[in-house]
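Student: The following comprises the amino acid sequence and a computationally predicted model.
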Amino acid sequence: MKLRVGIVGLGSQWESRHLPALRSLADRFEVRGICEQVAHLAKRAAAEFDAVPVDGFRALVARDDIDAILSFADQWYGATPILAACDHGKAVYSAISLPFAADEAALLRRRVEESGIAFMAELPRRYAPATVRLKELIATALGRPRLLFCHRRVPLSGSSAPSPPRDRASEARDLMELVDWCRYVAGAEPTSVVAVRHAELQGGETDDYQMMSLDFTANGPPGNGPLAQISCGYYMPRQWEEAVGFRPPAALQVACDRGIAFVDLPSSLVWFDTAGRHQESLENERPVGEHMLLQFHRKVTSLVRAVSGLDDALTAMRIVQAAAQSQVECRRVSL
């Protein structure tokens with residue numbers, strides 16, 4: 001069955017992830033309309049699929065020839081297109097930042113549940129080939145994760161002084177995805193978080209480094225169970241090309257009961273156990289964009305209603321919010 005879809009927002013991953021995936025899955029998806037706040041981008045993207053550019057997301061969602069909405073980018077209207085899709089009974093694939101405020105998140109969750117639509121939140125780190133293989137190794141050779149170190153280095157755009165305003169919605173989504181990634185790999189829920197930030201530059205108004213520590217201890221005092229350290233650095237000007245690429249840390253390092261693994265997305269995985277070093281080539285796996293859209297297609301066309309990733313994304317966002325509270329109050333926050 002071919003799904004007739006409308007696209008709301010293109011975003012930074014359009015050329016590298018979503019466009020190639022939709023081209024490869026032309027037998028599963030038929031793009032009928034595209035709504036984008038930059039008109040000429042909508043026209044250019046629509047020409048790729050012989051679709052039509054649509055001025056507003058409400059007009060797109062209301063079309064009778066649309067079965068599902070693919071929301072690919074954070075734009076001025078936030079999560080409103082998802083609520084509109086709920087009103088019209090259209091399935092939703094969401095790559096946007098979900099609401100940060102608790103009341104808005106609860107409203108979104110309730111509307112999706114009441115509408116009965118199929119919903120999938122895009123969590124690409126979960127579906128990356130390296131992550132899938134890592135979970136297999138944890139279940140077999142490596143054993144239970146004990147320590148996770150997750151780092152993201154984000155080059156600043158423009159000159160180093162002063163730095164232009166950063167996209168806060170994208171940063172919040174980055175942190176949410178890193179938190180969700182650690183939760184997924186650990187296979188457990190964190191019980192507390194402690195976080196710090198560094199904001200010496202620009203009068204302390206803009207941080208250039210954030211770190212949070214997630215404690216997965218189920219019983220007993222903090223530190224007696226698995227621990228995840230997540231850090232994001234925004235201290236490297238983009239024009240320092242050699243420095244940006246110099247000795248980057250692994251995106252995820254996992255120390256387990258019987259070995260240790262180093263992961264770089266999407267497909268690099270090196271792991272060690274008593275037998276020595278193992279390096280696996282995962283380049284031939286299906287690209288993560290295609291894999292996620294295939295999962296969405298199955299959820300929409302199956303007879304069983306599926307809501308995937310929404311609770312995970314909202315839980316991760318609440319943890320990011322608790323980390324912000326920890327930064328302000330200089331204390332560990334219970335989850």
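Tutor: Great, that's in hand. Numbering: from 1, shown residues only.

Student: so what's residue 211 bridging to?
Tutor: Under DSSP bridges, the beta-bridge partners of residue 211 are residue 196, residue 231.

Student: should've said residue 68
Tutor: Under the criterion used (DSSP bridges), residue 68 bridges to residue 5, residue 91.

Student: show me what contacts it?
Tutor: Contact partners of residue 68, counting by Cβ atoms under 8 Å, 6 or more residues apart in numbering, are 3, 4, 5, 6, 90, 91, 92, 93, 118, 296, 300. C-beta coordinates here come from the backbone N, C-alpha and C atoms, glycine included.

Student: same deal with residue 266?
Tutor: Going by Cβ under 8 Å, 6+ apart, residue 266 touches 128, 129, 130, 282, 287, 288.

Student: Mind putting those into a markdown table with distance to residue 100?
Tutor: Below are these laid out as a markdown table (distance: Cβ to Cβ, whole Å):
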| residue | distance to residue 100 |
| --- | --- |
| 128 | 25 |
| 129 | 30 |
| 130 | 29 |
| 282 | 34 |
| 287 | 30 |
| 288 | 25 |
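
Student: Buried subset of those, written for ChimeraX?
Tutor: Command for ChimeraX that selects the buried part of the contacts of residue 266, burial taken from 16 or more other Cβ atoms under 10 Å:
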select :128,129,130,287,288
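
Student: Tell me which two in the contacts of residue 266 are the farthest apart.
Tutor: Farthest-apart pair in those is 130 and 287; separation 12.6 Å (Cβ to Cβ).

Student: Find the least confident helix or strand in the chain, judged by mean pLDDT.
Tutor: Between all helices and strands in the chain, the lowest mean by mean pLDDT, DSSP states H and E belongs to helix 241-244, at a mean of 77.

Student: and which of the contacts of residue 266 is nearest to residue 178?
Tutor: residue 128 (13.0 Å).

Student: Give me the phi and psi for the closest one.
Tutor: phi -60, psi 140 (degrees, to the nearest 10).

Student: Any figure for the gap between it and residue 48?
Tutor: 25 Å (Cβ to Cβ, to the nearest Å).

Student: re the thing from before, pLDDT-wise, what's the bottom of the contacts of residue 266?
Tutor: Within these, pLDDT reaches its minimum at residue 282, with 87.

Student: ok, the residue nearest to residue 262 when sequence neighbours are not counted to residue 14 distance?
Tutor: Leaving out its chain neighbours, the residue that sits closest to residue 262 by Cβ to Cβ, 6 or more residues apart in numbering is residue 250, at 4.2 Å. Per Cβ to Cβ, residue 250 is found 28 Å from residue 14.

Student: cool, residue 293 as well?
Tutor: 13 Å.

Student: same deal with residue 191?
Tutor: For residue 191 relative to residue 14 (Cβ to Cβ), the value is 38 Å.

Student: same question, residue 276
Tutor: In this view, residue 276 and residue 14 are 42 Å apart by Cβ to Cβ.

Student: Domain ranges for this structure, per the record?
Tutor: For the chain, automatic domain parsing gives the domain ranges 3-125+288-307, 126-285+319-334.

Student: which of these has the lowest average pLDDT?
Tutor: domain 126-285+319-334 (a mean of 86).

Student: Ends of it, what's the gap?
Tutor: End-to-end distance for domain 126-285+319-334, by Cα to Cα, to the nearest Å: 25 Å.

Student: Give me the neighbour count for the residue lying closest to residue 104 once chain neighbours are set aside.
Tutor: Distance criterion Cβ to Cβ, 6+ apart; nearest residue to residue 104, sequence neighbours excluded, is residue 79 at 7.5 Å. Look at residue 79: counted by other Cβ atoms under 10 Å, it has 20 neighbours.

Student: for residue 79, what are its contacts?
Tutor: Contact partners of residue 79, counting by Cβ under 8 Å, 6+ apart, are 94, 96, 98, 99, 104, 108.

Student: Does the last one touch residue 80 like I think?
Tutor: No: Residue 108 is beyond contact range of residue 80, at 10.0 Å (criterion: Cβ atoms under 8 Å).

Student: So between these two, which is more surrounded?
Tutor: Neighbours per residue, other Cβ under 10 Å: of residue 108 and residue 80, the larger number sits with residue 108, 21 against 13.

Student: what residues are up against that one?
Tutor: 79, 82, 83, 98, 99, 310, 314.

Student: quick one: which helix or strand includes residue 177?
Tutor: Per DSSP states H and E, residue 177 falls inside helix 168-186.

Student: what's next to that helix, contact-wise?
Tutor: 12, 74, 96-98, 100, 123-126, 131, 134-135, 138, 145, 148, 150, 152, 154, 189-190, 210, 212, 214, 216, 226, 228, 230, 232, 252, 254, 312-313, 315-317, 319-320, 323.
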